[in-house]
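> Next one to model:
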Amino acid sequence: MLNALTPGTYVRPHRHDSDHQSEAFILLRGRLALLLFDDEGMEDIVHSRILSPADGLFGMDIPPRHWHSLVALEASVIYEVKGHPAGGYVQARDKNFAPWSPEEGSPESEAYLQKMEEAAKRLA
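Okay, here's the model as predicted:
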């Protein structure tokens with residue numbers, strides 16, 4: 001599927017718990033930060049990458065059971081590919097949201113996104 005993200009888009013940290021649910025991104029345009037977290041959350045970003053065609057890094061494959069999120073550093077479009085267990089895509093079991101992250105649309109999500117953006121800008 002294609003996903004468009006603009007700066008200010010909150011992608012709630014999540015993971016995919018099935019052995020068959022890896023997730024891959026190919027950046028078609030723009031610039032994104034990919035953040036990987038440990039089980040404790042925001043304070044412990046364990047890995048991160050800036051995806052940027054200008055820098056030659058176009059994508060990333062995320063294995064199952066890794067907490068992750070994306071931060072749009074500029075207007076971006078990604079091609080997203082997900083693995084799924086037998087039966088295909090079922091939204092209810094697609095992802096598990098990080099319990100330490102605020103829900104999308106909640107008042108707390110804006111401040112949390114700001115922290116993720118600050119972490120992403122330190123990478124850039």
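> Skip the chain neighbours and tell me the closest residue to the residue sitting nearest the centre point of the chain.
The centroid of the chain falls nearest to residue 69 when counting by Cα atoms, centre = their mean (2.4 Å). Nearest residue to residue 69, sequence neighbours excluded (Cβ to Cβ, 6 or more residues apart in numbering): residue 13, at 4.4 Å. (Glycine included, C-beta is placed from N, CA and C.)
> what's the least confident helix or strand in the chain, going by average pLDDT?
strand 41-51 (a mean of 75; mean pLDDT, DSSP states H and E).
> Which element is encountered next along the chain beyond it?
Under the assignment DSSP states H and E, the closest C-terminal helix or strand after strand 41-51 is strand 59-62.
> Okay, now the sheet partners of that following strand, with direction.
Applying DSSP bridges to the sheet, strand 59-62 is found paired with strand 23-38 (antiparallel).
> Helix or strand: which one has residue 108?
Going by DSSP H and E, residue 108 is in helix 107-123.
> That helix - what's its average pLDDT?
When pLDDT is averaged over helix 107-123, the result is 90.
> tell me which residues in the helix or strand where the residue nearest to the centre of the chain lies are buried?
Taking DSSP H and E as the criterion, residue 69 maps to strand 67-82. For strand 67-82, a neighbour-count test (16 or more other Cβ atoms under 10 Å) marks 67, 68, 69, 70, 71, 72, 73, 76, 78 as buried.
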